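> Have a look at this prediction, sequence included:
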Amino acid sequence: MNKKLHALLLISVFVVATCGLIYELIAGTLASYLLGDSVTQFSTIIGVYLFSMGIGSWVSKYFEKNIISWFIQLEILVGIVGGTSSTILFLVFENIASFRIILYSLVGITGILVGLEIPLLMRILKDRYEFKDLVSKVFTFDYIGALLASLVFPLLLIPYLGLVKTSYLVGILNVAVALIVCVSFKKEIKAAIYLQTSAVISILALLAGFVYAGVITNFSESLTYADTIIYSKSTPYQRIILTKKGKVLRLFLNGNLQFSSDDEYRYHEALVHPGLQALPNARNVLVMGGGDGLAVREILKYPNIQSVTLVDLDKGMTGLFKSNRMLLSLNKSSLLSPKVKVINADAFTWLRQDKKKFDFMVIDFPDPSNYSVGKLYTNSFYKLAKGVLAPGGIMVIQATSPYVAPKSFWTVDTTLRSVGLHTIPYHNYVPSFGEWGYIMATENPVYKKPAVFLPGMRFVTKESLDLMFYFPKDMAKVKTEVNKLNNQVLVKYFEDEWSSVL
Amino acid sequence: MSGRPFYKSAGLINGLGRRSFLFKAGLVTTGIFLNGCIRKLNPNSAYKSIKGNIKGPNAKAGHILRDKLPLPTPTGIREVKTLIIGSGISGLSAARWLKKHGHHDFELLELEDHVGGNSHSGQNGISAYPLGAHYITIANNEDTLLTGFLQDCDVITGFENNLPVYNEYYLCFDPEERLLINGQWQEGIVPDFGLHENDRAQIKKFFALIDELKKAKGSDGKYAFDIPIDNSSADDRYRALDRVTFKEYLHQQNLTSVYLLWYLNYCCKDDYGQKIDKVSAWAGIHYFASRRGKAANAESNAVLTWPEGNGWLTKKLAAEVGDHLRKGNMCYSISYNQQGKVVAGIYDITRGTTSTIIADNVIMATPQFVNQRLFKDTINRPIDYTGLNYSPWFIANITTNRLPQAKGAGLCWDNVAYDTPSVGYVNAGQQTVKLANEKRVLTWYLPLCDHEPRVARLAAYTRTYEQWLDMMMPELEYMHPGITAAIENVECWVWGHGMIYPAVNYIWGQNRKAAQQPINNNLFFAHTDLSGVSIFEEAFHQGIHAANQVLAVYGKQPNK
């Protein structure tokens, strides 16, 4: 065996070490993205990983013959498992229960395989070096590899490639090592052709994964979102994206921010309490839209509420907010409350059928940025909503920003009035959104400002309410048309007003 | 026949016409056949994933009439006071009117297994969809018969300041129309994007002219252009427009912009199935100038539509008619007995038996080309049947799981591409309040107006499913690049005689007048080919008019 081959094997040690550490880092990062609490995640991942490497090292003694060939097969296997690991984890994240099992299994398998590599390599090299040289060389390259990994991962790989592409790239490197070793030692191993072919096929598969990684997490998307995407799913109705930066979670539907966990309380308190606090006898509440369960969380603070019916189109959305641990802690598991009934249906169609009356209604739809959603802001829709409002009841509608889009905001007001409802428009400041607007509507002009609010409010108080009801000149009422199914003026106003801002 | 030089005798013209027809028909059908053979050898694999078939009106029944196929001898005989033949909108409307006036002794016969004539509709897992007529505009306010019906079926929900309030679920949802022109989808169908100022000016001039004609009244104080057509003024200043083609008229008005002419060709194709060189100027203008409806909650000219198109109106009419209807029953002959009663030969299509109905009076709510065959050898009418021309149509209902987006305005109800053979497609799901589903049914309309109707009709019957796809897919791909892969199903429907078209001198000529005349005061006629334009409103009034003639026989004064 010549010098060249010795060098090659030592380079393999280096690559194997680098890759191994990167897999560990990927698993740790992904787990802290998806599950939060990075200290716990990293500690447990590193623990499981190192322990698994120990198992691998122990198992290595049972490999007796064809060690080079085993080494090559292991390398290919590490490349495949490690390369696809982050994709698998992204895909299974929805189901939180099995996510942990799969996460630790993948970490464990990778650890065992990586743990096998160094002992096997040392045995391949054992007849070619003196023991002291061997140990010195192998571990030197091992630790240099580790240093490289720990620098390259945060500084180059994650910023430029993202987690998924990084995994595939590292997987490809692993298998490339296998292929090179295989080609170089083809005289010493049996079935070299078979091994070479598997290596080539694996590289192609990983390459495909690398190229199509965009489809999995939409790489371009991760560039448009400032924060790390920790969850992304296309349902039949919308694209749900959850991002995380520090402790702040943000939810985007079709690219539009729905809430930011650090200031959503301002939005949801303002949406619910001015209305519901004024209805001490309210029993039954209807929430349309709001599949995040955050409005429901506020509603459930009132002991007089007996039932909350939540109508949200998207099962993917309500399912996520019923199962994800981080999201459950945000909405206080509101959607799992026995008082809450979740109905996944189209609100317009559902409302045309239902006859039950509600004391309080929250209409919290996405902004009217397209003709489909625009229908949910029409006089026809509000007529139906009025039909299910109990006598003396209040409905509240999220009505976009009266500062950025005054014409849109006041169109909602005009439209509500056109079906014979009395309106009480108000607004507050939500840092993530800017100045935001809501409109309460009642059948008779009965609304009285509540004198006291529930304890524990962080934003809504009697004093803040006075400010919320006051519209300064720059948001003052403007004359608009009624939004109807056959004119959809709101969508046009909304597009005009927001396009000048965004 | 007026206006024809004397030396061209009718016989000669027919002789030449027949020979040239046979020649053209031979050429066209051979072409299609050969193309079909080539296609079989070399199928377009891009369309492999598209499923569907071709349907149309009951062809077997048509052949029985046309080819006089032998039928079994009649086994039964029954008597009714009034018999209505044909349950298109005219027949349904006549039946509804009889019932409304307490005249219950009538039968309504339909050869198909469904009612509605060319307002037929279909349904699949995604949506209901039209197979023919698919919208009406809001009614002219003085047309109280129509507004009355629209109130009956909750299309008009009430009145505000004397103006009807239309049901907002039926007023066409916004966005309504778009046009693919100069590489971009613009809002609205009147060409605008990328046009030269001269073209814009001409389009403006045309609409100013129309605005004048909308208000114009003749010396008899009637509107120059009205619905129903027979309410229009008799003033020859306007009726003279029926004696020139729309094309000639536009030329006389110095309206020559290619964009304007394309638009008017599109409109005539859309309403009449023919281009401006085939329809009269009077009819061409009627399309624009006859609609003056005002509503409390919609713009003038606003469109009313349903997923199943006018199939929805059909259902409402049929619901009022109830059990008077006999489907699958074809009338194959009409004659008089010695008592002067009308004898109708009826073929029960499902049972394969025939029977005889003896009726005091009959409303023929059938097109005249059918009546010609039913009356053959029995009843002579002073009509030149060759003067009644029917446009063939091809309609495709396309189920697609995706609509590749293009530059400009998004999906509308009516979607048209500039300078293409079809008149575009409508989104069958426009009137759904549900959030948009990616799966949609699009109804694509192609008037077959590139050859004379007889030739085009024969060609249409000859074409295979794959050949229809070959005709439509390039245009759809032009509108939405990449759509082929997204299309799951295409249901084709061929209307051989889709609708009457108002050829020169038809609307105010002798022929139409003669065809409207009852025979012996017990054989009455109701069909849009007696109006000259095939629109719901005309059919609706045709039915009422004939029903009133029947009621008058019994001395009943119809409610006005």
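Here it is on my side, so go on.
> Residue B:379 should be in a helix, yeah?
No: Residue B:379 sits outside any helix when classified using DSSP: H, G, I helix; E, B strand; the rest coil, being coil.
> thought it was touching residue B:334?
Yes: taking CB atoms under 8 Å as the definition, residue B:379 is a contact partner of residue B:334 at 6.7 Å. Yep, even glycine has a C-beta here, placed from its N, CA and C like the rest.
> what do those two both touch?
Each of residue B:523 lies in contact with both residue B:379 and residue B:334 under the rule CB atoms under 8 Å, 6 or more residues apart in numbering or on different chains.
> neighbour-wise, which of the two wins?
Per other CB atoms under 10 Å in any protein chain shown, whichever of residue B:379 and residue B:334 has more neighbours is residue B:334, with 24 against 16.
> So what sits opposite that one in the bridge?
residue B:344 (DSSP bridges).
> wait, isn't it in contact with residue B:375?
Yes: judged on CB under 8 Å, residue B:334 makes contact with residue B:375 at a distance of 5.9 Å.
> following the helix or strand of chain B with the lowest mean pLDDT, which helix or strand comes up?
Every helix and strand of chain B was ranked by mean pLDDT, DSSP states H and E. The lowest is helix B:10-41, at a mean of 64. Once the chain leaves helix B:10-41, the next helix or strand it forms, by DSSP states H and E, is strand B:54-55.
> Enumerate the residues of the stretch 201-350 of chain A near chain B.
Selection of the stretch 201-350 of chain A residues close to chain B by CB under 8 Å from any CB of the partner chain yields A:236-237, A:313, A:346, A:348-349.
> List only buried entries from the residues you listed.
Neighbour-count burial (16 or more other CB atoms under 10 Å in any protein chain shown) is assigned, among those, to A:237, A:313, A:346, A:348.
> Need the max-distance pair from the residues you listed.
Farthest pair in these (CB to CB) is A:237 and A:348. Separation: 13.3 Å.
> Can you identify the element that follows the helix or strand harbouring residue A:47 toward the C-terminus?
Here residue A:47 is covered by helix A:38-59, with elements defined by DSSP H and E. Next helix or strand after helix A:38-59 toward the C-terminus (DSSP H and E): helix A:67-92.
> could you check the angle helix A:38-59 makes with that following helix?
Using axes from the mean of the first three to the mean of the last three CA atoms, to 10 degrees, the direction of helix A:67-92 lies 150 degrees away from that of helix A:38-59.
> What's the mean pLDDT across helix A:67-92?
Looking at helix A:67-92 alone, the average pLDDT works out to 86.
> Equivalent analysis for stretch A:134-148, please.
Here the average pLDDT along stretch A:134-148 is 87.
> same check, this time on stretch B:476-491
Here the average pLDDT along stretch B:476-491 is 94.
> what does stretch A:424-442 give?
According to the model, stretch A:424-442 has a mean pLDDT of 96.
> can you tell if the longest strand seen in chain B touches chain A?
Ranked by residue count and defined by DSSP state E, the top strand of chain B is strand B:487-500. No: in terms of CB under 8 Å from any CB, no part of strand B:487-500 sits within range of chain A; the closest distance is 15.9 Å.
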